[in-house]
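J.: Just the structure for this:
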Amino acid sequence: MTSPLSLLFGVHAHQPASNFPEVLEQACSRCYRPFLETLHGFPGFRFAAHFSGPLLEYMIERHAPVVALLAEMVARGQVELFGAGDSEPVLASIPARDRIGQLNRLSRKIEARFGRAPQGAWLTERAWEATVVPALADCGMRYVTVDDYHFLCTGRAASELDGYFTTEEDDRCLDLFPISEALRYRIPFAPAEEAVAYLERLAEEGRCAAIYFDDLEKFGIWPETHEWVHGRGWLRRFIEGVLASSRIAPLTFREFHDRHRSRGVVYLPTTAYIEMNEWTLPAAAAGALGDLIQREKEQGAYETDKPFLRGGIWKNFLSLYPEANWMHKRMLALSQRLAALPEARGASRRREELRSLLYDAQANDAYWHGLFGGLYLPHLRRGVFSALVRLEALLDRIAPRAAVLRSDVDHDGCDELFMHNEEVQAVIRLDGRASICELDAYKLGQNFGDTLRRHAEHYHQRILLGAAAAKPALGIASAHDRVEFKHDIAASELTPDACARTLFADTWIHEAGTPEPLARYAPAAPAAEGGPPEMRFRTNATDTLVAKRIALEPSGVRVEYRFEAAAPGRFRVELNIAMPSCDGFAGRIIHRGEVLGGLGQRLDLEGAETMTLDDRFMGGCVTLSFSPPARVEVGPHYTVSQSEGGFERIMQSVQVTLAWPVGRGASDAAVRLEIRKDPEGTAAPPRA
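T.: From the prediction side, this is the model:
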């Protein structure tokens, strides 16, 4: 009689620290709690679990009975807890010093609460680069899980992938478990009996192990899964089927690792799971890869040729989305600044606080986009920027910077000018547009320039076609196969933006009505010694000369224009202002003491002298003042993206467009943007 198949079953749970409280509560009540309660009733079903640092802290504080249940299962040897980077970073995307700090921080948390440090690590998004091996090994990790696809790309046969392999880098060794894609797509979407039968077939084939490790959220949060997994009993039937089978033996990864030897040395290519390799490509290339994969499936060649159908790598997201790259390079610069901080300057007492902010800014969620919102979700980017802005403010107190600095932070070949004081910071990209790409309020921890432009996405074609996915005959559809619409989406909302969405982007409108975007501003005279930080620019439109001055004020910025017009026209200024409430209930547009609507409202104001964007969620407001009075158009800027729940519109910013008539000769205009933090936590309407 052959030995039973070892089932190595693992789940990964993560919620970003910046996620909405109601989302966290729903995840705990509809997924994590019922999952652990069900597993607790079956002590013989051994499994592994990884909870990210922010989620673990939240559960310890808010759901202590659930954590106590987990601790009991750990104590009786039923559960093996996996480590990872504490805030769930992609380890390959952060410096080695931060990899070690992140890994050790979560290991300490696990050991402090559950009595045993982890020996295995979850690799965020299964994004593999060999450079992560030394940090993992130095932090006591003996093994990690990656996809079987990683191994297939080395030429390994699927039949070989029923144990673990060993890799090495810089004289450190690490063992690698290949996660079965076939199991990922069956669990929990296929009927429980079918999933158990598949495991039994593997046992009959003489396989040593079946390896599963995937998102715990698939067991209650993804569409239809709560009713399917818990209401209709999928999880219970699956566990009972496994335990009733003489051909399947659930083990923890540690137990299997201790009982078996490595299958040999392996060197994996830089890659992630196969779906992400498609997501990380530009739209046209992603569409071409998707079409190729579909043809391969139709011809019955996909399983054979899959290892050779390579897409991009995770880091491609940073070159695909300039907004992600900007966050990432800002994070790297602050990491370097923190690492260089001298101990003797009083930083040691606050170093842990500084590291916490840095680690929060390294959480993976806001840096990429695929099936899930990620980069497209403003609250996730806000979490990153809030940590960065607060970290920068603390570093400035310990080791002050110059008030004006120039460098190419994001390595795009174009310098940025940083101007800051104690309250605010404005960053101007010197690309000819003379506009502000980042506007930080330190007390609010808010970047008002955090606006995502409309990008071309390969799945937009599915929206235009209105394609619908077929529902499986048995089971439920995976989120990867669903095509649903959460909102009505117009074709115009899918048109990519030609350039970044910034603050104070200018357009000259000729007398005939033809717009001429001003994108050739050249730096002019430098700021005067001893005055507030400022930058001056000049440009020639066809009909006019425009001089522009951007000056930092104690609580905002003032932008002044001087026109020398050869012919009459109109001057238009566009500001995309990122407000935390977006189109939620806590945002208000206030004009002349009257609330005109929410931040998602479309408004036209003639002869406006001032207006306020009030955000009670943020606890502050932005007031704009115009001289001379301007025509003002206000409206939401939406992007369209996909999530596990379907295609959706997401408001990224309040778009404020100002316009003045400009006659022949010399004239002036100015805009003042003032940021105010309300001491009560809720911004009050300004005086009329």
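J.: quick one: the strands in the stretch 1-150 of the chain?
T.: 5-13, 47-51, 79-81, 120-122, 143-147 (DSSP state E, counting those that start in this stretch).
J.: Give me the sheet partners of the longest one and which way each runs.
T.: It refers to strand 5-13. In the sheet, strand 5-13 lines up against strand 47-51 (parallel), strand 209-215 (parallel), strand 248-251 (parallel) (DSSP bridges).
J.: Quick one: mean pLDDT for that strand?
T.: Strand 5-13 carries an average pLDDT of 98.
J.: again with the fourth one
T.: Taken as a whole, strand 120-122 has a mean pLDDT of 98.
J.: One more: stretch 305-324?
T.: 94.
J.: now do stretch 613-633
T.: Mean per-residue pLDDT for stretch 613-633: 97.
J.: list the buried ones in that stretch?
T.: 613-626, 630-633 (16 or more other Cβ atoms under 10 Å). No exception for glycine: its C-beta is placed from N, CA and C like everyone else's.
J.: circling back: to Ala195, which of the strands of the stretch 1-150 of the chain lies closest?
T.: With Cβ to Cβ, the closest approach to Ala195 among the strands of the stretch 1-150 of the chain belongs to strand 5-13: 10.6 Å.
J.: now the angle from that closest one to strand 143-147?
T.: 90 degrees (axes from the mean of the first three to the mean of the last three Cα atoms, to 10 degrees).
J.: Okay, strands next: where are they in the stretch 151-300 of the chain?
T.: Under DSSP E, counting those that start in this stretch, the stretch 151-300 of the chain gives strands at 165-169, 172-179, 209-215, 248-251.
J.: where are the low-confidence patches of the stretch 551-688 of the chain?
T.: Low-confidence segments of the stretch 551-688 of the chain (pLDDT under 70): 645, 679-688.
J.: Phe213 - how many residues pack around it?
T.: 29 (other Cβ atoms under 10 Å).
J.: Check which residues of the helix or strand bottoming out on mean pLDDT in the chain are buried.
T.: Sorting the helices and strands of the chain by mean pLDDT, DSSP states H and E puts helix 460-465 at the bottom, at a mean of 80. Within helix 460-465, the residues that count as buried by 16+ other Cβ under 10 Å are His460, Arg462, Ile463.
J.: Listing partners with orientation, what would you give for the top strand by length along the chain?
T.: When the chain is parsed with DSSP state E, its longest strand is strand 620-643. Sheet pairing for strand 620-643, assigned by DSSP bridges, gives strand 603-615 (antiparallel), strand 646-662 (antiparallel), strand 665-677 (antiparallel).
J.: deepest of those strands, which one?
T.: Across the strands paired with strand 620-643, the average number of neighbours (mean count of other Cβ atoms under 10 Å) peaks for strand 646-662, which reaches a mean of 20.
J.: In CSV, list the C-alpha atoms belonging to it.
T.: What follows is strand 646-662, C-alpha atoms only, in CSV (Å, rounded to 0.1, in the frame of the first residue of the first chain):
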residue,chain,number,x,y,z
GLY,A,646,-16.7,43.9,-11.0
PHE,A,647,-15.8,46.9,-13.1
GLU,A,648,-16.2,50.2,-11.2
ARG,A,649,-15.8,53.9,-11.4
ILE,A,650,-13.6,55.4,-8.7
MET,A,651,-13.3,59.1,-7.9
GLN,A,652,-9.7,60.2,-7.7
SER,A,653,-9.9,63.9,-7.2
VAL,A,654,-11.9,67.1,-7.3
GLN,A,655,-11.2,68.8,-10.7
VAL,A,656,-11.3,72.6,-10.3
THR,A,657,-11.0,74.6,-13.6
LEU,A,658,-10.6,78.3,-13.4
ALA,A,659,-10.8,80.7,-16.4
TRP,A,660,-10.3,84.4,-16.9
PRO,A,661,-10.7,86.6,-20.1
VAL,A,662,-7.4,88.2,-21.0
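J.: Before I go, just wanted to say thanks for your time.
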